[in-house]
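[1] predicted model, plus sequence, below.
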Amino acid sequence: MKKHFLFMTAILFGILFTFASCKDSKQRSNNNDANEEKSEQVKSPKKSITKISSLDDLKDVDLDDIDVSELDMDDIDFDKIDLDNLSADEANLLLQLALQVASKELPEDLGDGSSMESFDIDGDDVVFTLKMDVAGQGITMEQFAQVIEMPEMKGQMIQGMMSGAEDDDMALFLHMMVAGNKNLSMKFVDKTSGKDATLRLKCSELKQLLEK
């Protein structure tokens, strides 16, 4: 069982390293499909944003109308944003923007056959989706699901999150999730079978991490 705990902790640190790489990387990608069918309706071009100096820059903004291709985590001036006193609406808007920016670097290879696939918001959950070779670890996805539901496993993950809270980007995301009343769901998908298992940390548990 200790082997599985160590394995899961390694996966968690992979998540933290992904956030760090999102901050440091300046890679730009264009995923537009040249053959995509054009809508008959003329659409207004997206507004390009290259800097967020304060929450005022996001007032009356529809994120679907924003082009974040030239924006990265360094371009969001979190030093001028009081994360401890965000309203839920402000936190969720900022969180959505930050996830869009971080998602530009995905999928991200985490090593050992694992990869970070996506960051999404699903209702009250922020979902990190990872693909990995569960069979290569000598267990089935059903066994893996049982392992991550164990209280000891959750304790290991929370310990890892506490360490990760010292990382600037991870701390920022934790603050936004808590202010926005969001839970964190880590969805693990087996590369071979496509089966998945989810470990969920409630908003109250994330808040405890920030209070340590």
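    Sure thing, it's come through. Numbers count the residues shown, from 1 in each chain.
[2] secondary structure class of the residue nearest in space to the middle of the chain, three-state.
    Closest residue to the average C-alpha location of the chain: residue 119 at 4.2 Å, with C-alpha atoms, centre = their mean. Under the three-state scheme (DSSP: H, G, I helix; E, B strand; the rest coil), the conformation of residue 119 reads as strand.
[3] could you give the number of residues near the residue lying closest to it once chain neighbours are set aside?
    In space, and not counting its chain neighbours, residue 119 is closest to residue 99: 4.5 Å by C-beta to C-beta, 6 or more residues apart in numbering. C-beta here means a position set from N, CA and C on the backbone, and glycine is covered the same way. For residue 99, the neighbour count with other C-beta atoms under 10 Å is 19.
[4] dump the residue contacts of residue 99.
    Going by C-beta atoms under 8 Å, 6 or more residues apart in numbering, residue 99 touches 119, 120, 121, 126.
[5] next one: residue 136
    So, once contact is read as C-beta under 8 Å, 6+ apart, residue 136 ends up touching residue 113.
[6] and the pLDDT at the residue nearest to the centre of the chain?
    Residue 119 carries a pLDDT value of 91.
[7] same thing with residue 40?
    Confidence for residue 40, expressed as pLDDT, is 45.
[8] so where do the strands sit in this structure?
    47-48, 66-67, 108-111, 114-122, 125-132, 183-190, 196-201 (DSSP state E).
[9] could I get those strands as TSV with distance to residue 79?
    Shown next, in TSV, are the strands of the chain (distance: least, C-beta to C-beta, whole Å):
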stretch	distance to residue 79
strand 47-48	23
strand 66-67	22
strand 108-111	26
strand 114-122	23
strand 125-132	23
strand 183-190	24
strand 196-201	27
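[10] out of those, nearest to residue 169?
    strand 114-122 (11.9 Å; C-beta to C-beta).
[11] what's that closest one packed up against?
    On a contact count with 3 or more C-beta pairs under 8 Å, 6 or more residues apart in numbering; DSSP states H and E, strand 114-122 meets helix 2-24, helix 88-103, strand 108-111, strand 125-132.
[12] roughly how far apart are residue 143 and residue 202?
    24 Å (C-beta to C-beta, to the nearest Å).
[13] whoops, residue 118 was the one
    Residue 118 is 21 Å from residue 202, by C-beta to C-beta.
[14] now do residue 97
    24 Å.
[15] ok, the two, which is more surrounded?
    Using other C-beta under 10 Å as the criterion, residue 97 and residue 202 rank with residue 97 on top: 21 against 13.
[16] pull the contacting residues for that one.
    By C-beta under 8 Å, 6+ apart, the contact list for residue 97 reads 52, 58, 63, 66, 68, 76.
[17] would you check that the second one makes contact with residue 52?
    Yes. Residue 58 is within contact range of residue 52, at 6.9 Å (criterion: C-beta atoms under 8 Å).
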